[in-house]
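Enquirer: no sequence for this one, just the structure:
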């Protein structure tokens, strides 16, 4: 979102060329309820400090309804997001990057190398980097 011109605000100010006037931007993250056709939560961040994954985790934590399926596009494939949704006892559908990219699926060795597929994958989330975790990347 464009906001008032303020070159002093380094968290929102962008200048593409030295001889051009710059501009200021904010990044808007929102939750939208498909059934009610309403925005249910929003988080605004300075564009230079925007962190969509962090914003989604915060909005998931604030979500107070009893059930939901959180739907997101590529770029939101993040174990922390998965853990936040699962901790709330809810579900998610998040499109992931191709297995040849640098996304989560590039580490999953049990997936087919080409074509489209649906696969159930069980992964144990952990903060620890033990020898067992390092030796079993398909499990952790």
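Expert: Now that the structure is in, tell me what you want to look at. Please read all numbers here as calculations on a predicted model, not as lab measurements.

Enquirer: could you point out where this protein is predicted with low confidence?
Expert: Low-confidence segments of the chain (pLDDT under 70): 109-111, 113-114.

Enquirer: quick one: the strands in it?
Expert: 2-3, 13-14, 23-33, 38-46, 69-72, 91-94 (DSSP state E).

Enquirer: Any chance of JSON lines for the ones you listed, columns mean neighbour count and distance to residue 55?
Expert: C-beta coordinates here come from the backbone N, C-alpha and C atoms, glycine included. Formatted as JSON lines, the strands of the chain follow (neighbours: other C-beta atoms under 10 Å; distance: least, C-beta to C-beta, whole Å):
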{"stretch": "strand 2-3", "mean neighbour count": "12", "distance to residue 55": "18"}
{"stretch": "strand 13-14", "mean neighbour count": "14", "distance to residue 55": "20"}
{"stretch": "strand 23-33", "mean neighbour count": "16", "distance to residue 55": "4"}
{"stretch": "strand 38-46", "mean neighbour count": "14", "distance to residue 55": "4"}
{"stretch": "strand 69-72", "mean neighbour count": "15", "distance to residue 55": "11"}
{"stretch": "strand 91-94", "mean neighbour count": "14", "distance to residue 55": "15"}
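
Enquirer: Compare the ones you listed and give me the one nearest residue 106.
Expert: With C-beta to C-beta, the closest approach to residue 106 among the strands of the chain belongs to strand 91-94: 15.5 Å.

Enquirer: how far is the closest one from where the chain is centred?
Expert: 11 Å (C-alpha atoms, centre = their mean, to the nearest Å).

Enquirer: what's next to that strand, contact-wise?
Expert: 68, 69, 70, 71, 72, 73, 76, 77, 81, 82, 85 (C-beta atoms under 8 Å, 6 or more residues apart in numbering).

Enquirer: what residues are up against the third one?
Expert: The neighbours of residue 70, taking C-beta under 8 Å, 6+ apart as the test, are 56, 60, 85, 90, 91, 92, 93, 94.
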